[in-house]
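Peer 1: just the structure for this:
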Amino acid sequence: MAPTREVYLYDYAADFGLSGLAGTLCARATLRLDEPVVLCVAESEAEDDDYRLGADVRLLLDSALPEEVLHTVWLAAVRRCFDPADEGTDTRAWLDRIADLCPPRAPERDPFEEKSLEASRPVVPEEELRTAVAAEIEAASAGLELRVAVPGVGPALHRVVREVDADLGFRLFLRALKAYSVPVAADTFDRLLAIGDLLAYPWAAVQGGLSVRWRPLDPGRRDLVSGRFGLPMLAAALHGTDRQYAGVAHEAIRQVAADGLGWAPGAYAAVLLDDVWRLLDSALPDEAIGLLWRTASGRLYVVGEEEFDVDGRAWLEQVSEVCHAHLEEVDPAYAPFLAPARTDLTEPVLREVREAAHADAEPVRGAARVLEDVVTSVDPDLGFRLLVHILATYDVPVTGDRRDRYRVIAAHLGFGADHLDDRLPEAADVA
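Peer 2: The predicted structure follows:
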């Protein structure tokens with residue numbers, strides 16, 4: 001039977017518990033770290049509603065693990081920046097002092113809150129989790145042995161996983177990888193993130209501080225986790241805004257191009273730049289690009305010579321510059337390129353654009369004429385994403401067989417499941 005597990009991502013935004021404390025201490029490694037300071041940090045973490053800290057410590061205290069194992073996993077987690085032995089005590093006595101600073105248990109949740117979390121509570125059998133975590137520790141054994149300056153860390157982590165708690169063992173394993181910058185292949189990272197998802201971790205608890213050997217950036221990736229991305233996401237970020245104060249537009253670009261957890265640095269910027277380049281390099285007239293952007297961003301009626309996007313092409317040049325700057329910062333070796341256009345989907349997408357030309361919303365009808373040119377002469381992928389975004393922006397429902405066709409196109413393009421269903425309005429079918 002699976003143990004009752006917490007929905008960690010509800011309570012924490014990053015690492016937590018004993019591994020979170022270890023990470024905090026690593027970040028303070030250049031400062032004084034003696035026993036009073038470390039106890040003060042632990043007490044602060046506990047008082048900051050990190051109830052998992054006390055639970056983690058008591059799991060280790062209640063176990064039969066010998067001193068050498070406890071000492072090994074602690075030193076690996078904190079990168080040797082604080083050793084209880086230097087303070088004249090053993091690790092178990094040290095953990096006991098931390099436990100005294102922590103509440104004996106987390107306070108009871110409000111019944112409504114508890115009920116709302118029940119559906120999200122992870123259900124993972126402990127033995128299944130132990131097997132998965134142990135396999136990752138074994139796969140990383142060579143890197144741990146080479147990089148971690150604590151002999152025997154791999155076997156010690158195995159014992160925590162097998163004899164104490166796989167959840168805690170997994171977080172201490174991640175912390176050792178981070179503390180010593182052990183390189184992690186992209187495929188391994190995907191598996192670690194999947195285990196974190198099983199346990200309802202916040203993504204930052206897995207990725208934050210991890211040294212990942214990312215795959216090369218691919219501007220053609222379409223399974224990004226935020227659902228929308230690229231130019232439609234930028235249009236959503238600036239939807240309807242008529243704020244002219246300095247920096248608002250560029251800040252929106254930076255936010256859309258910013259690195260999402262779970263993806264290689266620069267992944268979102270590469271996709272946004274790909275969209276922008278296609279339109280800049282196209283034969284579409286400036287007026288058409290301006291109309292398309294203004295429709296997508298809900299800014300058709302925001303007028304004025306001082307507006308940041310008064311010239312559509314010049315605005316896209318600004319977007320391109322911000323993307324380039326971000327990519328140069330996070331991946332200097334990346335040479336931007338255009339992903340192959342999805343011309344295999346020209347006809348299916350064109351059909352949907354032409355049907356949208358009959359929508360009740362006048363802005364949609366006006367943009368549909370430009371979207372036809374985007375589909376036929378730029379890229380059906382970009383045309384479809386802009387179509388979906390514009391329909392959602394103007395609350396145009398997509399129902400029945402038509403919605404099914406959209407799902408087929410989205411699947412062919414490799415979009416995530418939320419790209420359509422979380423965006424497009426849906427109304428009951430009319431006979």
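Peer 1: does the residue positioned nearest the centre of the chain count as helix, strand or coil?
Peer 2: The centroid of the chain falls nearest to residue 261 when counting by C-alpha atoms, centre = their mean (2.6 Å). Following DSSP: H, G, I helix; E, B strand; the rest coil, residue 261 is assigned to coil.
Peer 1: identify the residue nearest it in space, chain neighbours excluded?
Peer 2: Distances taken as C-beta to C-beta, 6 or more residues apart in numbering put residue 203 closest to residue 261, at 4.0 Å, once the chain neighbours are dropped. Where C-beta positions appear, they are placed from N, C-alpha and C, glycine not excepted.
Peer 1: over to residue 384?
Peer 2: Distances taken as C-beta to C-beta, 6+ apart place residue 349 nearest to residue 384, at 4.7 Å, with adjacent residues excluded.
Peer 1: is the one you found within a helix or a strand, and which one?
Peer 2: For residue 349, the enclosing helix or strand under DSSP states H and E is helix 346-356.
Peer 1: contacts for that helix next, please.
Peer 2: Helix 346-356 is contacted by residues 364-365, 368, 371-372, 375-376, 380, 383-384, 387, 390-391, 396, 402, 405-406, 408-409 when judged by C-beta atoms under 8 Å, 6 or more residues apart in numbering.
Peer 1: just the buried subset of those, please.
Peer 2: Buried members of the contacts of helix 346-356, scored by 16 or more other C-beta atoms under 10 Å, are 364, 368, 371-372, 375-376, 380, 383-384, 387, 390-391, 396, 405-406, 409.
Peer 1: now for these: which two are most distant?
Peer 2: The span of these, defined through C-beta to C-beta, is set by 376 and 396 at 21.7 Å.
Peer 1: quick one: pLDDT of the residue nearest to residue 384?
Peer 2: In this model, residue 349 is scored at 97, pLDDT.
Peer 1: for it, the count of nearby residues, please.
Peer 2: Residue 349 sits with 28 neighbouring residues when counted by other C-beta atoms under 10 Å.
Peer 1: list the residues that contact residue 52.
Peer 2: Residues near residue 52 by C-beta under 8 Å, 6+ apart: 6, 8, 11, 12, 16, 17, 18, 20.
Peer 1: the third one - nearest residue in space that isn't next to it in sequence?
Peer 2: Leaving aside its sequence neighbours, residue 11 sits nearest to residue 49 (C-beta to C-beta, 6+ apart; 7.3 Å).
Peer 1: what's around that neighbour, how many residues?
Peer 2: By other C-beta under 10 Å, the residues close to residue 49 number 14.
Peer 1: so it sits against residue 13, correct?
Peer 2: No. Counting by C-beta atoms under 8 Å, residue 49 stays clear of residue 13, with 11.7 Å between them.
Peer 1: mind listing residues that contact stretch 185-198?
Peer 2: Contacts to stretch 185-198, defined as C-beta under 8 Å, 6+ apart, come from residues 122, 124, 129, 132-133, 136, 139-140, 170, 174, 184, 203, 205-207, 210, 212-215, 262, 264.
Peer 1: what segments of the stretch 151-300 of the chain are helices?
Peer 2: When assigned using DSSP state H, counting those that start in this stretch, the helices of the stretch 151-300 of the chain occupy the ranges 153-163, 166-179, 186-198, 203-207, 230-237, 248-257, 267-280, 286-296.
Peer 1: quick one, which of those gets closest to residue 328.
Peer 2: Residue 328 sits nearest to helix 267-280 of all the helices of the stretch 151-300 of the chain, at 9.9 Å, using C-beta to C-beta.
Peer 1: do you have the strands of this structure handy? List them.
Peer 2: Along the chain, counting by DSSP state E, strands occupy 184-185, 212-213.
Peer 1: so which of the ones you listed is the most packed in?
Peer 2: Across the strands of the chain, averaging neighbours per residue (mean count of other C-beta atoms under 10 Å) puts strand 184-185 on top, at a mean of 20.
Peer 1: how far off centre is it?
Peer 2: From the chain centre to the centre of strand 184-185 is a distance of 17 Å (C-alpha atoms, centre = their mean, to the nearest Å).
Peer 1: what does the average pLDDT come to for it?
Peer 2: Mean predicted confidence for strand 184-185 is 96.
Peer 1: pairing partners for that strand, with directions?
Peer 2: According to DSSP bridges, strand 184-185 forms sheet pairs with strand 212-213 (parallel).
Peer 1: what sits up against the strand it pairs with?
Peer 2: Contacts for strand 212-213 (C-beta under 8 Å, 6+ apart): 183, 184, 185, 186, 189, 264.
Peer 1: gap between the closest residue to residue 345 other than its chain neighbours and residue 412?
Peer 2: Residue nearest to residue 345 in three dimensions, not counting chain neighbours: residue 380, with 4.5 Å by C-beta to C-beta, 6+ apart. Per C-beta to C-beta, to the nearest Å, residue 380 is found 10 Å from residue 412.
Peer 1: equivalent analysis for residue 154, please.
Peer 2: 44 Å.
Peer 1: ditto for residue 282
Peer 2: Plainly put, residue 282 is 23 Å away from residue 412 if you go by C-beta to C-beta.
Peer 1: excluding sequence neighbours, find me the nearest residue to residue 144.
Peer 2: Per C-beta to C-beta, 6+ apart, closest to residue 144 is residue 154, 4.9 Å.
Peer 1: isn't residue 94 right up against residue 84?
Peer 2: Yes. Judged on C-beta under 8 Å, residue 94 makes contact with residue 84 at a distance of 3.8 Å.
Peer 1: pull up the overlap in contacts between the two.
Peer 2: Taking C-beta under 8 Å, 6+ apart as the contact rule, residue 94 and residue 84 both touch residue 74.
Peer 1: any stretches of the stretch 301-431 of the chain with poor pLDDT?
Peer 2: Along the stretch 301-431 of the chain, segments meeting pLDDT under 70 span 305, 417, 422-423, 427-431.
Peer 1: number of nearby residues for residue 258?
Peer 2: Residue 258: 13 neighbours (other C-beta under 10 Å).
Peer 1: now the strands of the chain in CSV, with distance to residue 290?
Peer 2: Listed next are these as CSV, based on distance: least, C-beta to C-beta, whole Å:
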stretch, distance to residue 290
strand 184-185, 45
strand 212-213, 40
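Peer 1: what's the burial count for residue 392?
Peer 2: Neighbour count for residue 392, taken as other C-beta under 10 Å: 19.
Peer 1: also the one 3 residues further on?
Peer 2: Neighbours of residue 395 under the rule other C-beta under 10 Å: 12.
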